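Engineer: A predicted structure for the sequence below; I have some questions about it.
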Amino acid sequence: MEPATFVLFGATGDLAKRKIYPALFQLFVDQKLPSSFSLIGLGRRELSHETFKSNVEQSLITFSRSEVKDADVVKKFLRAFRYHVLDVDRKEDYTKLLRLVEEREEELNITPNRMFYLSVGPEFFETIATNIHESGLGSVDGWKRLVIEKPFGHDLESARQLNHTLNQAFDEPEIYRIDHYLGKPMVQQMGQLLHSALWEQADLRTRSIANIQISANETLGVEERAGYYDHTGAIRDMFQNHMLQLLMMLMIELPNRSSVDEVGKLKRKIMKSLMSLNKMDITQHVVRGQYGAGEIKGEQVVGYTDELGIAVDSQNDTFIAAKLRVDDPFWKDTPIYIRTGKRLKEKVTRIVIEYKSKGPLKDLLIVEIGPNEGIFFQRSQSDKERSDVEMSVRSQLSFMKESVKDAYETLIHDALVGDKTYFAHWDEVELSWEWVQPILDAYQDTLIPLHIYSAGSYGPHEADELLARDGFHWWFDFKNVSNNDATKGDIHTYEYNT
Ligand SMILES: NC(=O)C1=CN([C@@H]2O[C@H](COP(=O)(O)OP(=O)(O)OC[C@H]3O[C@@H](n4cnc5c(N)ncnc54)[C@H](OP(=O)(O)O)[C@@H]3O)[C@@H](O)[C@H]2O)C=CC1
Ligand SMILES: O=C1O[C@H](COP(=O)(O)O)[C@@H](O)[C@H](O)[C@H]1O
């Protein structure tokens, strides 16, 4: 792998501690970092190199997925780390940063390949990109790359504006937009696993699909992110990016497997084929919710507007469900239902493909993305009550060979080797915003009611009606789900109702 300097904006922040350092450490342990590697952490607070390193070490102890046992390994890893004080608005800080980066490149005798990772608030993205360009940090003989965290814009217009500014400093092939759902092992292996599953259940290959359901249900509430979340909501936080990416990743695999080289092109085609919603459709096809007080895993939790930092009269959405249609011969009769929300009954990200059938037995292909992973075939009796799911057969068709990797490990590694396959490309991002924008406008004009749902439920019952109108129901909204501690990854035991 080519040598590289990793310039990390936001090195003292939450994401760096929880995700970026543990991922880099794991890559180091797995010998997947360049042999000549330098990291320069940036933040406003004054820290010595040593204090910075010891903070990073602490974050490894707390968040690393493999136990940090060998002090020598950590010490070797931290040798690459330096800290530099930088305020994103102060141009002179970038000039000093350039000197430090060049010094380190000379010291290590490495080609100036620079990866700028923006783990800071989105309000800083444009300023930083511009200053990288103007300071000369981006004028390199080697490669330069910009890794950018979400959210990418607040709406269609701001996303276009942001992209325009970034393009003054970086070309599109140099911009790596992280969508951590694309780094999830199950999402990356979905194509391969789905096709081996369809090999086993060969008749499904030719059967028509009745509907598709994509759910990303969370038990967590807004946590400490009130400032961000209260003007973002479920639609911008999850739907516009992660949920639409899941949809694209699924649809490029059905009905036939596509070549990996074509991923970008196919995703664009899919987004273009999504039928856009007019005002009337939106009121009928989109359900918006906000959690009220309730009980999660036996504990009482407060409603959204009683959360710290949230306005008491906030009209922000913590839940969205939508019905999508695709203008394509294969998909034209197949509704796609997507939902995501906070403070729901269980933590699960799952895709259910329900096949058309004449009798009461329904054939389902289930892609479990997290916290459980695998592809299952299930033949189920479906009764009028949505939760009355009688499990007659459930067989695991495909499973992950390597399932423990964190999305950030994969994505940071891909960015270091210059593989953009699992990053969100501008066209997809723009098309996603284009699709979502009429819903944002409808929210703004209060055309869609905000339904309050009890924490610990599966969301507002209007989300059930969305499917019931078409003769369907959400699969696996179980009556009883016992979860263990969410912080340990939300492992469940399901109690099927028979
Ligand atoms: N945390 C998470 O779980 C996730 C975060 N993200 C995204 O990642 C990004 C970072 O989030 P997170 O780590 O949570 O945020 P934090 O608020 O925890 O950290 C922000 C970082 O930005 C630095 N910073 C703030 N203002 C300035 C400034 N004027 N000049 C230079 N540095 C500054 C802070 O350093 P200092 O205070 O030292 O200046 C700190 O290191 C955001 O875009 C967020 O949306 C995406 C997915 C999940
Ligand atoms: O990006 C985000 O994702 C998380 C959910 O991620 P998951 O990997 O646990 O499914 C969500 O909680 C957060 O609000 C959002 O910003």
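Structural biologist: All right, it came through fine. In this text, all values refer to a predicted model and were calculated from it rather than measured experimentally. Ligands and ions are numbered 1, 2, ... in the order given.
Engineer: drop to CA atoms for contacts and neighbour counts, all remaining ones
Structural biologist: Will do.
Engineer: what residues does the stretch 1-150 of the chain have near ligand 1?
Structural biologist: Counting by CA under 6 Å from any ligand atom, the stretch 1-150 of the chain comes close to ligand 1 at 10-16, 43-45, 86-88, 119-122, 149-150.
Engineer: and Y176, what's its pLDDT?
Structural biologist: If you check Y176, the pLDDT there is 97.
Engineer: quickly find the element holding it.
Structural biologist: strand 175-177 (DSSP states H and E).
Engineer: list the buried ones in whatever helix or strand comes next after that strand?
Structural biologist: Next in sequence after strand 175-177, counting helices and strands by DSSP H and E, comes helix 185-188. Using 16 or more other CA atoms under 10 Å as the test for burial, helix 185-188 gives P185, M186, V187, Q188.
Engineer: stretch 198-206 now?
Structural biologist: For stretch 198-206, by 16+ other CA under 10 Å, it's L198, L204, R205.
Engineer: and what of stretch 172-179?
Structural biologist: Buried residues in stretch 172-179 (16+ other CA under 10 Å): E174, I175, Y176, R177, I178, D179.
Engineer: element containing the residue of the stretch 201-350 of the chain found nearest ligand 1?
Structural biologist: Here the stretch 201-350 of the chain gets closest to ligand 1 at one residue, Y228, 7.4 Å apart by CA to the nearest ligand atom. Secondary structure assignment for Y228, by DSSP H and E: helix 226-229.
Engineer: for that helix, what is the average pLDDT?
Structural biologist: 94.
Engineer: need the contact partners of it.
Structural biologist: For helix 226-229, the surrounding residues in contact (CA atoms under 8 Å, 6 or more residues apart in numbering) are V222, D237, E307, L308, G309, I310.
Engineer: weed out the non-buried ones from those residues.
Structural biologist: Buried among these (16+ other CA under 10 Å): V222, D237, E307, I310.
Engineer: between these, which is closest to L365?
Structural biologist: Closest approach to L365 among the buried ones among the contacts of helix 226-229 (CA to CA): D237, at 27.2 Å.
Engineer: check contacts around that closest one.
Structural biologist: Contacts for D237 (CA under 8 Å, 6+ apart) come out as P151, Y229.
Engineer: redo that, cut-off 10 Å
Structural biologist: Contacts were defined as CA atoms under 10 Å, 6 or more residues apart in numbering; by that measure D237 touches K150, P151, H154, Y228, Y229, H231, M243, T318, T340.
Engineer: a markdown table for the residues you listed, including distance to D470 and neighbour count?
Structural biologist: Below are the contacts of D237 laid out as a markdown table (distance: CA to CA, whole Å; neighbours: other CA atoms under 10 Å):
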| residue | distance to D470 | neighbour count |
| --- | --- | --- |
| K150 | 34 | 17 |
| P151 | 33 | 21 |
| H154 | 32 | 18 |
| Y228 | 36 | 13 |
| Y229 | 32 | 18 |
| H231 | 33 | 16 |
| M243 | 22 | 21 |
| T318 | 25 | 29 |
| T340 | 20 | 26 |
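Engineer: in helices only, show me the residues you listed.
Structural biologist: Y228, Y229 (DSSP state H).
Engineer: how about the secondary structure of the closest residue to D141 other than its chain neighbours?
Structural biologist: Leaving aside its chain neighbours, D141 sits nearest to P112 (6.3 Å; criterion: CA to CA, 6 or more residues apart in numbering). Here P112 is recorded as coil under DSSP: H, G, I helix; E, B strand; the rest coil.
Engineer: residues near P112, how many?
Structural biologist: For P112, the neighbour count with other CA atoms under 10 Å is 22.
Engineer: begin at 45, not 1, for the rest of this chat.
Structural biologist: Noted, 45 is the first residue going forward, which turns the last one into P156.
Engineer: surely it meets S80?
Structural biologist: No: using CA atoms under 10 Å, P156 is not in contact with S80, being 11.1 Å away.
Engineer: identify the contacts common to the two.
Structural biologist: Common neighbours of P156 and S80 (CA under 10 Å, 6+ apart) are P47, A48, T49, E149.
Engineer: any idea which of those residues is closest to ligand 1?
Structural biologist: Set against ligand 1, the nearest of the shared contacts of P156 and S80 by CA to the nearest ligand atom is T49 (18.2 Å).
Engineer: how near is that closest one to L142?
Structural biologist: Applying CA to CA, to the nearest Å, one obtains 12 Å for the distance of T49 from L142.
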